[in-house]
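In: Provide a 3D model corresponding to the input given below.
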Amino acid sequence: MRFLVFLCTFVSVVLFMPPCVRAAALTVDLGDAQQVTLVGAIQRWDIDGNHRRPVDPKAAIDAPYVDARAVHKGGGKWVFENLPKGTYDLLIMAQPRVRVEGFQYVPVLEFDPFIKPDQKVDDEVRDFIVDDIRKARHYENIVRPLYMAGNDRNIRVLVMLIRDQPTSYTPGAGTMRFEIWQYDNNYGGWQKHRRTKVLHRVLMQVSELRQWTWLWDTRLGGIEIADQPVTIEYRLPQQSDKTLGGLYPY
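Out: All right, here's what the predicted structure looks like:
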């Protein structure tokens, strides 16, 4: 009888105990990067490409939300000791006023797949999309396509939108957004879809905004963590290097 009671108790514990969450260490090697203040990891999207948390309308450029923070181990090595299984975008903050962030070409519509960053866009199509964005009317006075990737059916574009002209909302304030746009091939012609996916929305003083560097890099996006240690080597761009897309002081 005692054995039967023990067996029933053991089965109940096994059945109802929480599942084991796999985790692993992630090391980010930044080489001789100086004045780095934060290396963070963000689980921005779920497996279907939906936001895991709403976009914060009160977000501050110098105080980003992250799901995990790496520990500085000396030199250029920053380590996430026990990062739960998932897909992450990395974010690096450095002085003075530098932010570098990873991203993915997330689905804009339900049931669409992610687009990989190595899916190149034909030069002629790229030129058309850049020109279409330039000619379109926008609330923002700066609308700049930063990166794009896709196939012969869908192309996604990371777009920076800034309004730094005077508004009646808050004197001296400007708005900045980063979004993923999608262009669809409809009977041979490319058209922008109305829906977009917002990555960030920031309201700040224009005088401060113009002093910041906020860059984007797919090499810091879509980092897969399972149960094995992962090491990433990354070098922050030099101030004179303009190869990455994003906001530069102006």
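
In: and the lengthiest strand in the chain, which strands flank it?
Out: Across the chain, the longest stretch assigned as strand under DSSP state E is strand 173-186. Strand 173-186 sits in its sheet next to strand 154-163 (antiparallel), strand 189-192 (antiparallel), strand 197-205 (antiparallel), going by DSSP bridges.

In: which one of those strands is the most hemmed in?
Out: strand 154-163 (a mean of 22; mean count of other CB atoms under 10 Å). C-beta here means a position set from N, CA and C on the backbone, and glycine is covered the same way.

In: what about the residue nearest to the spatial centre of the chain, distance to G221?
Out: Central residue of the chain (CA atoms, centre = their mean): F103, 3.3 Å from the mean position. According to CB to CB, to the nearest Å, F103 and G221 sit 5 Å apart.

In: shared neighbours of those two, which are they?
Out: Taking CB atoms under 8 Å, 6 or more residues apart in numbering as the contact rule, F103 and G221 both touch D89.

In: tell me how far L146 lies from V157.
Out: 8 Å.

In: let me redo that: D227
Out: Distance from D227 to V157, by CB to CB: 35 Å.

In: okay, buried residues for stretch 80-92 please.
Out: Burial within stretch 80-92, assessed by neighbour count using 16 or more other CB atoms under 10 Å, is assigned to F80, L83, G86, T87, Y88, D89, L90, L91, I92.

In: for the second one, what are its contacts?
Out: Which is L83. Contact analysis of L83 by CB under 8 Å, 6+ apart lists A23, A24, A25, L26, A41, A68, I225.

In: now swap in the last one and tell me
Out: Listed by CB under 8 Å, 6+ apart, the contact set of I92 reads 28, 30, 36, 38-40, 98-101, 220, 234, 236.

In: mind redoing it with 10 Å?
Out: Contact analysis of I92 by CB atoms under 10 Å, 6 or more residues apart in numbering lists 28, 30, 33, 36-40, 70, 78, 98-102, 215, 217, 220, 234, 236.

In: doesn't it fall inside a strand?
Out: Yes - the assignment for I92 is a strand, going by DSSP: H, G, I helix; E, B strand; the rest coil.

In: any idea what it is bridged to?
Out: V39, V100.

In: check what pLDDT it gets.
Out: Per-residue confidence (pLDDT) for I92: 98.

In: cool, and the one 4 residues further on?
Out: As predicted, P96 sits at a pLDDT of 95.

In: let me see the contact set for it.
Out: The neighbours of P96, taking CB under 10 Å, 6+ apart as the test, are Q35, Q211, W212, T213, Q239, P249.

In: minimum pLDDT in those residues, which residue is that?
Out: Lowest pLDDT within the contacts of P96 is found at Q239 (81).

In: got a list of what G150 touches?
Out: So G150 contacts 105, 115-116, 119-122, 125-126, 129, 156-157, 182-185, 190 (CB under 10 Å, 6+ apart).

In: hmm, I typed the wrong one, I wanted E224.
Out: Residues in contact with E224 (CB under 10 Å, 6+ apart) are K85, G86, T87, Y88, V230.

In: a markdown table for the residues you listed, including pLDDT and secondary structure?
Out: Output for these, formatted as a markdown table (pLDDT from 0 to 100; DSSP: H, G, I helix; E, B strand; the rest coil):
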| residue | pLDDT | secondary structure |
| --- | --- | --- |
| K85 | 97 | coil |
| G86 | 97 | strand |
| T87 | 98 | strand |
| Y88 | 98 | strand |
| V230 | 98 | strand |
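
In: could I get the residues you listed as a markdown table with distance to T243?
Out: Compiled in a markdown table, those are given as follows (distance: CB to CB, whole Å):
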| residue | distance to T243 |
| --- | --- |
| K85 | 32 |
| G86 | 29 |
| T87 | 25 |
| Y88 | 23 |
| V230 | 25 |
